[in-house]
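Participant: What shape does this take:
(2 chains)
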Amino acid sequence: MRTIHFQTIVKAVNDLCIQAAYHLPADVLSSLQKSVLTEQSSNGRKILEQCIENANLAVSQHLPICQDTGFAVFFVTMGSELTISGGTLIQAINCGVQKGYREGYLRNSIVNDPLFDRKNTGDNTPAAITLDIVAGDKLSITILPKGGGCENMSALAMLKPSEAKAGVMDFVVNSVTRAGGNPCPPVIVGVGIGGTADKVSCLAKKALLRPVGSSNPDPRYDSLEKEILDRINMCGNGPQGLGGTTTALAVHIETYPCHIASLPVAVNLNCHAARQATVII
Amino acid sequence: MKQISTPFSKDLSSTLRAGDQVLLSGTIFTARDAAHKRLFDLMVKSERLPIDLHNQIIYYTGPTPAHPGKVIGSAGPTTSSRMDKYTPQLIEESGLSGIIGKGNRSDPVIEALKKYQCTYFAAVGGAGALLSMCIKKCEPVLYEDLGPEAIYKLGISEFPLIVAIDCLGNNLYLQEPLKYRKQ
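Facilitator: Next comes the predicted model:
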């Protein structure tokens, strides 16, 4: 059994919050750069160039890429041969978020009660954490800081199995088209298919973690991703919804077995400032 | 590219057309969800607004905290449609002549833009670092307890904008996608 200390996790999460807010991942930047070459709208190209310049300025001027430094969403896998001394994993992650958002000059965007109080918690906690227990003695922590603008455009449908591939495609394409300029396109489209209503929503968000430009290991879903991406980019919304041919940079699908009566589909969008960072301890 | 300075009169507002690229300089005020709700609650009670917005521009943003020695942190636009409930009455009662945000607006907002010669500008969402470079001054003026949602007075220089919806109701969010739609 391996043991790691609470403070080791706090420090790692602190660093992850800051790294994610200031450094756009290379795969996203490279995809934005490619899209400038193919975008047909001159306004659209100009917007894409501003997105790229913004990501570069964030690093050189030490400013967060976007003022919405997000809900601190975490995907964590913990080896079953690992224990934590000095506190629990969830406490450690929340302490790291508190520290990282303060030391990184990041915006606190969480209110304590969704309906009545809506008072800012003042430290961007609590985080939203999805935990998997796996074999081994490692701890892998990924942060996906999630802005409100793109998260608000999430969609869920419990389709009939008879609606099949066409039903899934229509739902995803319509969800992205209807979102217009709100989620800050060009977006990355996370799609969950299968499971239950709650499981499929988690799959859609998890799909956003796959690097832009990577292929789905299942050739059937790989070709479905490409078909959906082509259809989305025919909708005309373009960068910021102000017209063009680059509405989405990528479509990523995650699947799970489902009930004989069900065909759940969920869409979770990420804006062009698609931030994430991972550490393995 | 048009160079424009505040105060932003309704005469000036009514000369702008959807699609115009604008560099805005002068003074603007931030306000987003929570500040709008407070202003709206006052208007509902027929109370006087605590801020003079006549011929002024509101920017929907909630910036990140400034690093020591810096004016402001990252400060890009937030989604405008969340303010749709409050905007028609605010335009009518405050004399507001310009709004900066991102994304399309509701029909009642567009009717108010037309009726009161108010221009709706889009800034690039997710470009908060880039836009922050154009902000030279920042001081809180109202509702400081709201933190990032307080109303700040910003001094800006050549802030890059696109006229998204003009005073005639021309709307880039409806018109431009049609030019590139292939289905």
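
Participant: Most proximal residue of chain B with respect to chain A?
Facilitator: Using Cβ to the nearest Cβ, the closest approach of chain B to chain A is made by residue B:176 at 2.5 Å. Heads up, the C-betas are built off the backbone N, CA and C, glycines and all.

Participant: can you pull the contacts of the nearest residue to that residue once chain neighbours are set aside?
Facilitator: Spatially, and ignoring its direct neighbours in sequence, residue B:176 is nearest to residue A:243 (2.5 Å; Cβ to Cβ, 6 or more residues apart in numbering or on different chains). Each residue near residue A:243 by Cβ atoms under 8 Å, 6 or more residues apart in numbering or on different chains is listed here: A:41, A:43, A:44, A:236, A:237, B:172, B:175, B:176, B:177, B:178, B:179, B:180.

Participant: Need the mean per-residue confidence for the one helix or strand residue A:96 maps to.
Facilitator: Residue A:96 belongs to helix A:89-103 when assigned by DSSP states H and E. In this model, helix A:89-103 has an average pLDDT of 98.

Participant: Now for the contacts of residue A:243, which sits with the most neighbours around it?
Facilitator: Among the contacts of residue A:243, residue A:237 has the most neighbours (other Cβ atoms under 10 Å in any protein chain shown), with 32 neighbours.

Participant: any idea how far residue B:52 is from that one?
Facilitator: Plainly put, residue A:237 is 37 Å away from residue B:52 if you go by Cβ to Cβ, to the nearest Å.

Participant: Please apply the same query to residue B:94.
Facilitator: 8 Å.

Participant: Same question for the longest strand along chain B: list its buried residues.
Facilitator: Identified as the longest strand of chain B according to DSSP state E is strand B:151-165. Using 16 or more other Cβ atoms under 10 Å in any protein chain shown as the burial criterion, the residues of strand B:151-165 that qualify are B:151-156, B:159-165.

Participant: Quick check on residue 7: phi, psi?
Facilitator: Let's take chain A. The phi and psi values for residue A:7, taken as degrees, to the nearest 10, are phi -70, psi -30.

Participant: neighbours around the nearest residue to it once chain neighbours are set aside, how many?
Facilitator: Among residues not flanking residue A:7 along the chain, residue A:86 sits closest, at 6.7 Å (Cβ to Cβ, 6+ apart). Neighbourhood size, residue A:86 [other Cβ under 10 Å]: 14.

Participant: mind listing what residue A:86 touches?
Facilitator: Contact analysis of residue A:86 by Cβ under 8 Å, 6+ apart lists A:5, A:6, A:7.

Participant: want to try JSON lines for the residues you listed, with neighbour count as columns?
Facilitator: Listed next are the contacts of residue A:86 as JSON lines, based on neighbours: other Cβ atoms under 10 Å in any protein chain shown:
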{"residue": "A:5", "neighbour count": "13"}
{"residue": "A:6", "neighbour count": "17"}
{"residue": "A:7", "neighbour count": "14"}
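
Participant: Checking my notes, residue A:170 in a helix, right?
Facilitator: Yes: assigned with DSSP: H, G, I helix; E, B strand; the rest coil, residue A:170 falls within a helix.

Participant: For residue A:205, see how far away it is.
Facilitator: Taking Cβ to Cβ, one finds residue A:170 at 21 Å from residue A:205.

Participant: more crowded one of those two?
Facilitator: Applying other Cβ under 10 Å to residue A:170 and residue A:205 shows that residue A:205 carries more neighbours, namely 23 against 16.

Participant: Look up phi and psi at that one.
Facilitator: Per degrees, to the nearest 10, the backbone of residue A:205 is at phi -70, psi -40.

Participant: Show me where the chain has its strands.
Facilitator: Just so you know, I chose chain A. Per DSSP E, chain A carries strands over the ranges A:2-5, A:71-79, A:82-85, A:128-134, A:139-146, A:155-159, A:187-195, A:248-258, A:263-270, A:277-280.

Participant: if you could check chain B rather than the one you did, that'd help
Facilitator: With strands called from DSSP E, chain B shows them at B:2-5, B:21-30, B:57-59, B:98-101, B:119-122, B:135-142, B:151-165.

Participant: how far out from the middle of the chain is the third one?
Facilitator: This points to strand B:57-59. From the chain centre to the centre of strand B:57-59 is a distance of 3 Å (Cα atoms, centre = their mean, to the nearest Å).

Participant: Could you do the last one as well?
Facilitator: When distances are taken as Cα atoms, centre = their mean, strand B:151-165 is centred 7 Å away from the chain's centroid.

Participant: That strand versus strand B:21-30: what angle between them?
Facilitator: 150 degrees (axes from the mean of the first three to the mean of the last three Cα atoms, to 10 degrees).

Participant: can strand B:151-165 be found next to chain A?
Facilitator: Yes: counting by Cβ under 8 Å from any Cβ of the partner chain, chain A is contacted by strand B:151-165 at B:160, B:162, B:164.

Participant: what's the angle between that strand and strand B:135-142?
Facilitator: If you take the same axes, to 10 degrees, strand B:151-165 sits at 120 degrees to strand B:135-142.

Participant: For strand B:151-165, give the mean pLDDT please.
Facilitator: Strand B:151-165 carries an average pLDDT of 98.
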